[in-house]
Structures are given as C-alpha cells and as structure tokens.
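Undergrad: 3D, please:
(3 chains)
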Amino acid sequence: MSNADLNRRQMLRRIGMTALVAGPGAGVLSACATGGGGNDAAPSQAPKGATSPQNPFGVKADGTLEVVIFKGGLGDDYATQLHEPMFKKKFPQANIKHVATQQIAQTLQPRFASGDVPDFIANSGTDLMDNAALQTEGQLLELTPLFDAPSVDDPSKKVRDTLLPGTVETGLIQGKPYVLNYVSVTYGLWYDVKLFEKEGWTPPKNFDEFKALCDKIKAKGITPYAYAGKNASYYQYWMILISAAKIGGNEVLVNIDNLADGAWTAEPVKQAAAAWAEIGKAYMPKSMEGLIHTEVQTQQNQGKVAFYPSGSWLENEQKKEIPSGFEYGIIPTPSVTSADKMPFEATRTVAGEGYIIPAKGKNTPGGLEYARLMLSKEGAKGFTEKTGNLTVVAGAAEGLSLSPGTKAVLEVQKAAGQNNVTFSSFEGWYKELETELRKQTNALMFGRISADEFCAKMQAKADAVKKDSSITKQNRTA
Amino acid sequence: MRQGKYPFIVGFLAVPVILYAVFVIGPYAQAFYIAMTNWRGITANPQFIGFENFTRLFEDEVFWQAVRHHGLLLLALPILVIAIALFFSFMLNVAGGSKGGTMTGVKGSAFYKVVFFFPQLLAVALVAVLFQSIYRPDQNGVLNGFLALVGIEPVGWLTNPNLALWSIIGVMVWQAVGFYVVLFSAGMSSIPRDVYEAAALDGAGRFRLFFSITLPLLWDTLQVAWVYLGIAAFDAFAIVQVLSVDRGGPDGSTTVLPLEIWRNAFTYSKFGYASAMGVALFFLTLTFAVLTLRVTRRERIEF
Amino acid sequence: MTSIPEPLPGARRAGVPADARRRREFSVFSGLSHVALAIWALMVIVPILWTFLSSFKTNTEIFGDPLTMPADYSFAAFGRAWDKAHIGTYMINSVIVVFFSTAGTMLFGSMAAYVLARYKFFGNRFIYFAFVSGMAFPVFLALVPLFFVVKNLGLLGTHTGVILVYIAYSLPFTIFFLAAFFKTLPTSVAEAAFIDGCSHTRTFFSIMVPMAKPGLISITIFNVLGQWNQYLLPIVLLPGNVEDKWLLTQGIANISTSAGYQADWASLFAALTMAILPVLIIYIIFQRQIQAGLTAGAVK
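TA: Residues are numbered from 1 along each chain as shown, chains lettered A, B, ... in the order given. Coordinates of the predicted model:
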C-alpha cells in the first residue's frame, strides 16, 4: 500500500495513546481506512487488460490472483487441480497464489480490516465470515457482471441462464447478488439402503409411519434417529424448519427471515417442533448431544444409527468410512399432518457453499473470471468428479457415473419437481438468531424444553434482533 | 541513594517497556476505544456511541450467565488445585522424613514429580482434544468405559447441564496441578531441615508438621498461586470452546466471557460490543488481582 | 534424584523415638496417600498413553471399546500426519521461535522485574501494575489491533514479529513472578557488592542473577511451555499465505479440523503423539537438571 508511511505515523501516534483523547472523528481506526476508497464496487487500482468476449472482465494476463479456499468437506483439490489450472491455462503468465484454511474468519478478518484482501474466497465452514456484514462495509464485489457475462460454453448465453433456477437469488444481499452459491445441496434423512432391504424396512412417508418404524429399529438395538448435538445442531433445525414449511408453506420461512411478528410462534412451527421433539425424546440417546457430526456419521456407517439428517455432501464426507455393503439413500422429511400444504415429496434443494469476491481486491477482474470458469461445464463437471457434489450449473453432471447417494439425490430432486422448500436467509443475515436456534434446538430435542417454550424463546430472540438497531435488517419477498 | 541509579533504571526498563507498549498496551488501548463504537470489525467507519455497549451489557442475560460461571470457577479452581497440589508436594518433599540432610518425599517421589508435570507440557488445544475422548458421553468414552466395568451407566459428562461446568473445571484442575506441585516443591525444599527436625523432636506428627510449619512458610507462594489461578479462572476459553457442547452449552451452562467475546467478535461481527465485554472482563480480573495483591503486599527493599 | 526404598519411617531415621500411636497414624496416612499419588499418576498417564495407542487404531477401533488395544501396529497414520501436516517443518519453526522468544523474555523480564522489585523511583508502581495487569487482558480482544501494529512494522508473517510479540505478551507473567522472587532475596549480598564497588548492572548480572537461579529456571520452563503451546497469536501473525512458517500448534489445529471433516482420526492422534512425545522426552531428560537446579539454588 502506498499509504504505508501514513499508517506507520498514525500507529506511532496511537502508541502515544493520543488517539484515545482525539475523539471519534480522528478515530483510532482511521489507519484501517487507508486500504481502499469508498464503499462502491470495483476499485480503481485493479489492473485491467482489454476486454473481449473471451475475456469479458478484462483480466490482465500477467496479474497475480490470490485464491483462498476453505479446506473442509470438499477439500481443496478442486481448486488446486482443476479451477486454478484452468485459469492458468487461459492466462499462462498469471501468478496464482493458493491459500487453504479452515479458519476463514480468523485468517481473513484482519486482512479485510487492513485492505490487503485476496481476490477470491470460499467463505464456508464453522468460522465463516458474515457476508451481510462484509457487504454493509462495502467489502463485497457485486456479482451482477458475472451473471450477465457470456457463458464460457456458449457465448450467446448469459452465465445466469446456465444455472439452476434460484441460484442467483440465494446470494442476494440488499436485493443485489454478492455471493455465488456454487454447490447444489439437497437436504433430507439419510439411511443405509442395504440395511433397510435386509431388515425389510420401508422408509416412512409420514410421522406415524416414522415412529412405527423407529420402534421396530429400536427393538433391533439400533439407534433409530440421531444428529450430532455438539457441533451440528443446525442439521436438526433444518429438519424442523423444512417440516414447518411443508406444513404451512414457504411463507412460514419467509416470515421467519423477515423477522415478522409471531413468525416463530406460528402453528406450523409449533407442530413441526413438537413432532421432532417427540422423535428426539423417544428415539435418540442423550449421549448424541456430546458427539460431533463425523462421530455420529461413522456410527451410521457402522450400522448403529438408522436415520441421520444431513445435506447431500454427506456421502463424500464419509467416503473413506463407508464399508462395503453400505449404500446411502435419502428421503424427504416425513409429512407431519395429513393437511400439509406440501406433499411428502417436497424437499429443500438450495445453492450452498458461498464464494465471494472482495471489492477491494487487487485483481477483481481475475476473481470474476475465475468464478466464470468455475461455472463452465468443464469446471462444474470436474468439481462434481472431484468432490462428489452436484453444482448449480444445469446439466453439468450429465454423462458422469454417479455414486449411489448422488443418484438418490437426483431422484429425490426429480420427484419433488416444483415442490421446493425455500432456503432460510436468517442463518446468514442474523447470526445471533441462528446461534440461539442451535442452542434451543438441542434443548428441545434432548427434552429440556417443550415445543411451546422452544417457539417462545425463538420468538423472543427474533424480537430482540428486530429491536437491535446495530443489526442491519434484510428483507425478502419470496 | 547511589550515583547512576536512574540511568541504570532507565537502561533496564527501556526495552521491556517499549516492547510492552507497542505490542500490548497499544492494541489494548485501541480495544478500549473500540468498546465505545459500533465497529463491525471490517472497515473503518466505526461510529462513536459512548457507553451504549456497556448499558446493553447490563441487560444481556448471557453476559451475566458467563459472569456467574466465572464466580464458580474463581472459587472452585484455586481451592481444588491448591489443596491437591499442596497435599502432593508435601508428600513428595517432606513426608518421607529427613535423609542425608534434607527432607525427602515418600517412596517413588522422583517418579511422581516427573509424571505430575506432564499435563503442563501439553497445549491446551491438545488437552481439549484429548478430553473429548475421555468425556465421550457413550460407553466408548474412556471414563464411561471404566464406569461400565463396574456396571455404571454412561454419564453425560458434558451433556448434562448440571455437570458440564464441573467437567470443564476437572480438566483445568487436571492440567494445573502439576505446575503448582513444582511451584510448592521449590518452596518446600527451601525450608531448612532443622525446622522440621525441631518440630519432630517435639513429637509433631505429619499433620502437625504440615499445618504448623509447611503451610505458614509457604504462605507467600500460596498467595501467588491464588492470584494466578484466579486469573486462569477468568480465561478457560480454549477448553470450553473445544470441549463443550455447542460452544458453551448445553443451554449456555458452560459459557465464559472470553467465549462470548469471541462469539460476538468473530461470529456476530460486533467488535464494539465484544470489546465492551472484554473491558468488563478486564476490570473483573483486575479487581480480583489488585484485591489479592493488596493482601499479599510486602515490605519493599530499598538499597 | 533416585528413590531408595526406605524400611524405616523417616522420623526414626531422624533419631526421634516413635511411639505406637504415631506409627499407626503413619501407616494409615501413608497407605492412603500412596493410593492418591498412584491414582493421580494414572490419571495423567492413561489419557496420554491412550492418545499414543489411538494413533495405531482404525476409526472403527477408535469409536469402539476405548479399553482395547489396537489390532495392528502400523505407522501409516504417522506417515499421513507427517506428509499432510508437515509436522517436521513446524516443529523446527516452533523450536526457533520459542528459543529466541524465551531468551528475550527472560533477559528483559528479569531486568524489568529486578528494577521494579528493588528500586524505588517515580512511576515504579505504575509501570509494575501496567505490566501485571497485562495478565488480565483477554488476548483475542487485541488480535485485530495487534495485527495492524505488526503489519505496519512490516513484521507480519515473519518469525521476528512472532518472537517480539511473544516476548511482549510473556512479560506480565514473568515480571509478576520474578519481582516477587527478587524481593525475597537477601539484601546483604548486594550491599556487600556495592561496597566492593560493583555497578548496578554488574551487581545484577554477576550476583543477583546467580542468586535468583531457581526462580529464573522455573519461570524459563513456564515460558518455554507457554510459548510452545501458544495458539491464538500465531494464527493471526503467521497467516495462511506463509504456511512454511507455521508453528506446531497451528499444524495440529489444522489437522484436527481436517480430521473432523475427513474423519481421519488416527492421523490426528499420530500428529498429537508427534507433538507430545519430543516435549515429554526433553522434559524427562532434563528434569534431573531442573530439579537439581531448583534444589541447589534454594536460598538459604
């Protein structure tokens, strides 16, 4: 940064603690401001090459591109062995800097504050950064140019038209796209098809069948249902929320996102919470609250747990643990009432795994181009091959030989048709509400509070968030 | 007063004070300022909001829950650690009687002294990973495995809200005892043998030896230990973060202030509010330390 | 220190006649306390041993009965941990950093503690409490501002930066303990030195430091351990783009999270073992010197 000297001077002044009495105007943190200018998108200092249909963002051929990948369930091979080489092939003189980390927030938060940001980030994992807060601070690049750019595979089409419907919408903040959700994720209850065949068990379509089957499973000495309370109670609240939406329609979840009055105490939420609490109480051992997700998942692979709630990354996450004779299958959440607004087949399939481009990156055209390459057929197909996860690029998995779990996911998606349970934005918008939900979900599922108390506590927290002026409010219509 | 005293003092203090001012005081001074802003931790437009964060703290149930936990830690941790460490170091240094001119420990003392210190050698992050397996709530946990041998049902060490904080304290005690055994041992071995022999000649038993000689002569060390353990009681961050259910659970029953600070800063991006919590924590710790130091203050030596 | 079985109660060895009551008290007490000592020793050894053994286990064994032994002693997990986690590089990095930072901490810490403990001057109390109150600072509160300080000094991602920060953050503890220690040293020796014409500086280095040896040794040990085990500071000061400079705890944490994601528990335990074992061995080798130093240096 050209302002290094200024920084140093200001810092020395800070050491003298004069800034403490200098008042808010001469803020202690003014040094942080030197990282970049205003709050708007593309910074002026980003080097730009000439634009062309092949290079719509004008990437400078010999620029440096720093890519930060969250190295979690998906690993980072898909970046180092696929997307980065693709970029390198297109711009042979480019210098790619690859950083893999599990602590996204701890690694990047200070860098954002200092203005020294990478050009492309996989913002995922337990310690991901708050996208809404980043956007509020003007740190995120608006992705409209990406979605409007010509597709790599067919320049007559815009990138947005090559994606599954709803992909762009999941990344909206304040009505504009800032996050590229790349992985298509389907949520449901996972089980071992082979075990069920052997025992003659049929996956349930409603909660009565579900409970009847759980009794049979329990009699066999197998835990009928479990999730990991220690670090993955959100897997369980997804199920509760999906059930609530199936009972009362997607507006139940939209109301929750919009912090509508009484959104959490609405009848569908209560019914869903009560139905799941019953499963937790009757069929889930208390010890599950102390285990982490991979531990419970391994137990399922060992035939000790029958049903496990998760998203479609599960099979890939467990691939080293899956014994021969184990075959993942997935069902939608069983219907709670016979008057549910959505049929049993309805599932939640959403674009997940958010990728962001910092607005103040030194090579924002490079970041955009990298994303465009990821959204090409080659990039998406290779990603599915490397990670076993489907992407948001329509039809990219065609012609691949898929694993049993992935095949099952595609079947469930097909059966659901248009009956898609909407995503929940509050998880990213209002982290405090989300944290409270994790806590209360455990309390509900392990029998410490009733469904009514659960709803009341969540409503109280939602009201508190609504009242808190320091939290930027968001809104969605559908 | 001697000549050259001030140049000497300045010369000796300059480097440490500068290092400390640049890397410790400077950042913390900024943290104090941040506590009065609504900074979200990312860019540089913090608004000065005065003491709003602090008034908010008073209404924050989670904050008070964490403070209560520190209260319990502040009592339980020093008492348990000091009691256990004192007992062990007495056994290992004095209880064996006098031999070759010094007091010695019981049989096997050398071995125990080495072993007891092991937990100190492990990073807190490692200890937490270790205890995950020990406290596992099903029959596959190390502790529950042993209980199963005598026919006791698995205990939810960390999943029972009434037990979880005690399990956390257990880990802290486990790790701390070795440090204080060494600290007290150094103090005990500097107590001259003849003091004990005189007492023994008077017919004092081991209990009397301990309470009438060892304890009073170690009093200063004990107070130092108390302060340091008290300060440790205000931390507990890494252990709770790695070990507890849902980071501070179940139902918030193990949460501590550092964890809430961390959560507010890195999860909610509320750096202003997190810093306000930090300032509150700082004053809590400082009050405790100053109170204890006042009691332990000794005469200063002047050349 | 070797321990030779001692047939007679210590008190009698000291020439004190022991009556029957005392002997009875002795045997019950001694029996119970041996049990207590043994139990605590087991409580320390078993978890560590369990970690070592788990690095040979398969996931199924790790999630099975905790009290069984591994079926097959293969070092595969160690290989994976070594390759994936670069344990060797990180360990060398940690050794370099901790060596210099502990040396610096002890030098500057003992100088400051000595002056603050034994000289009266304006501002003494202020400086002392400024240092000591540092023990009360919650470290991660300073993480973001500290990042800027280090970055603006051009020390981000360097071991020098980490060393200086370690020294600064170890001073409160070091000064707190050493000041208390210097206060307890007798004044007579220092006074004699002054009469002999020693300067303040010389008095410190050639008289006070040797006298303070036991205190210095123990604080050195605690600093080595504290800095060796430091985790939060390196994450911020040695970010992901300087992976070759990472320290051991970062590497362990890294493999620990990826074990959570890729379910390779054995290599996590193997990495833990590789991190623990050298420290244990060094401690066991030097514990005699440490104990001897503590005893020999004991102030009479």
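Undergrad: Which element, helix or strand, includes the spatially most central residue of chain B?
TA: Most central in chain B under CA atoms, centre = their mean is B:Ala232, positioned 2.4 Å from the mean C-alpha point. For B:Ala232, the host element (DSSP states H and E) is helix B:219-233.
Undergrad: How far off centre is stretch C:276-284?
TA: 12 Å (CA atoms, centre = their mean, to the nearest Å).
Undergrad: for the nearest residue to B:Ala123 once chain neighbours are set aside, what are its contacts?
TA: In this structure, B:Ala123 finds its nearest non-sequential neighbour in C:Asn229, 3.6 Å apart by CB to CB, 6 or more residues apart in numbering or on different chains. Bear in mind the C-beta positions are built from the backbone N, C-alpha and C, glycine included. By CB atoms under 8 Å, 6 or more residues apart in numbering or on different chains, the residues touching C:Asn229 are B:122-126, C:249.
Undergrad: Kindly provide the distance from the residue nearest to the centre of chain B to C:Ala180.
TA: 17 Å (CB to CB, to the nearest Å).
Undergrad: Go ahead and report the secondary structure state at A:Trp190.
TA: Under DSSP: H, G, I helix; E, B strand; the rest coil, A:Trp190 falls in the strand class.
Undergrad: Mind pulling up the pLDDT for it?
TA: Here, the pLDDT recorded for A:Trp190 equals 95.
Undergrad: list the contacts for it?
TA: By CB under 8 Å, 6+ apart, the contact list for A:Trp190 reads A:300, A:307-310, A:314, A:328-330, A:405.
Undergrad: Show only the entries of those found in strands.
TA: By the criterion of DSSP state E, membership of these in strands covers A:307-310, A:328-330.
Undergrad: can I get the contacts of A:Trp190 in TSV with pLDDT?
TA: What follows is the contacts of A:Trp190, written out as TSV (pLDDT from 0 to 100):
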residue	pLDDT
A:Gln300	92
A:Phe307	95
A:Tyr308	96
A:Pro309	95
A:Ser310	93
A:Leu314	87
A:Tyr328	94
A:Gly329	93
A:Ile330	94
A:Gly405	89
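Undergrad: Output those residues in CSV, with distance to chain B and neighbour count appended to each entry.
TA: Compiled in CSV, these are given as follows (distance: CB to the nearest CB, whole Å; neighbours: other CB atoms under 10 Å in any protein chain shown):
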residue, distance to chain B, neighbour count
A:Gln300, 14, 26
A:Phe307, 18, 26
A:Tyr308, 16, 24
A:Pro309, 16, 24
A:Ser310, 17, 26
A:Leu314, 20, 23
A:Tyr328, 23, 25
A:Gly329, 25, 22
A:Ile330, 25, 25
A:Gly405, 26, 23
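Undergrad: Tell me, how many residues neighbour whichever residue of the stretch 301-450 of chain A sits closest to chain B?
TA: Among all residues of the stretch 301-450 of chain A, A:Lys431 sits closest to chain B, at 5.0 Å; criterion: CB to the nearest CB. By other CB atoms under 10 Å in any protein chain shown, 23 other residues sit near A:Lys431.
Undergrad: ok, now C:Ala275?
TA: By other CB under 10 Å, neighbour count at C:Ala275 equals 28.
Undergrad: which stretches of the stretch 101-250 of chain B have low pLDDT?
TA: Residues of the stretch 101-250 of chain B that meet the criterion pLDDT under 70 lie in B:101-105, B:125, B:190, B:204.
Undergrad: Stretch B:150-164 and chain C, any residue contact?
TA: No: using CB under 8 Å from any CB of the partner chain, stretch B:150-164 never reaches chain C; the gap is at least 11.5 Å.
Undergrad: Next, the distance between the ends of that stretch.
TA: This stretch, stretch B:150-164, spans 23 Å end to end (CA to CA, to the nearest Å).
Undergrad: quick one: contacts of that stretch?
TA: Contacts of stretch B:150-164 (CB under 8 Å, 6+ apart): A:229-230, A:286-287, A:289-290, A:446, A:448, B:135, B:137-139, B:141, B:143-144, B:147-148, B:167-168, B:243-245, B:249-251, B:253-254.
Undergrad: Which of those are buried? Put it as a ChimeraX command.
TA: Remark: buried members of those, expressed as a ChimeraX selection using 16 or more other CB atoms under 10 Å in any protein chain shown:
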select /A:229,230,286,287,289,290,446 /B:135,137,138,141,143,144,148,167,168,243,244,245,249,250,251,253,254
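Undergrad: now, which of the contacts of stretch B:150-164 lie close to chain C?
TA: Okay, of those touching chain C (CB under 8 Å from any CB), that's B:139, B:141.
Undergrad: how about the strands of the chain, start to end?
TA: In the absence of a named chain, chain A is used. Using DSSP E, strands in chain A cover A:64-70, A:95-101, A:120-122, A:172-173, A:176-177, A:180-192, A:223-225, A:305-311, A:328-331, A:348-356.
Undergrad: Mind giving me the packing neighbours of the second one?
TA: It refers to strand A:95-101. If you count contacts as 3 or more CB pairs under 8 Å, 6 or more residues apart in numbering or on different chains; DSSP states H and E, strand A:95-101 packs onto strand A:64-70, helix A:84-90.
Undergrad: ok so, going back, buried deepest among the strands of chain A, which one?
TA: Per-stretch averages of neighbours, counted by mean count of other CB atoms under 10 Å in any protein chain shown, single out strand A:120-122 among those, with a mean of 28.
Undergrad: Mind telling me what element whatever residue of the stretch 201-303 of chain B ends up closest to chain A is part of?
TA: Relative to chain A, the nearest point of the stretch 201-303 of chain B is B:Ser269 (4.0 Å; CB to the nearest CB). Under the criterion DSSP H and E, no helix or strand holds B:Ser269.
Undergrad: you'd agree it is up against A:Thr472?
TA: No: the pair B:Ser269 / A:Thr472 is not scored as a contact, 10.5 Å apart, by CB atoms under 8 Å.
Undergrad: Between these two, which is the more surrounded one?
TA: B:Ser269 (25 against 14).
Undergrad: Based on its surroundings, how many neighbours for the closest residue to that one other than its chain neighbours?
TA: Distances taken as CB to CB, 6+ apart place A:Ala133 nearest to B:Ser269, at 4.0 Å, with adjacent residues excluded. Counted with other CB under 10 Å, residues neighbouring A:Ala133 total 25.
Undergrad: Could you do A:Ser338 as well?
TA: 7.
Undergrad: Which residues are in contact with B:Ala176?
TA: B:77, B:81, B:85, B:119, B:229, B:232.
Undergrad: Name the residues of chain A found near chain C, please.
TA: Counting by CB under 8 Å from any CB, chain A comes close to chain C at A:4, A:7-8, A:11, A:31-32, A:66, A:68, A:71-73, A:75, A:97, A:99-103, A:106-107, A:109-111, A:113-114, A:116, A:292-295, A:297-299, A:302, A:317-318, A:320-321.
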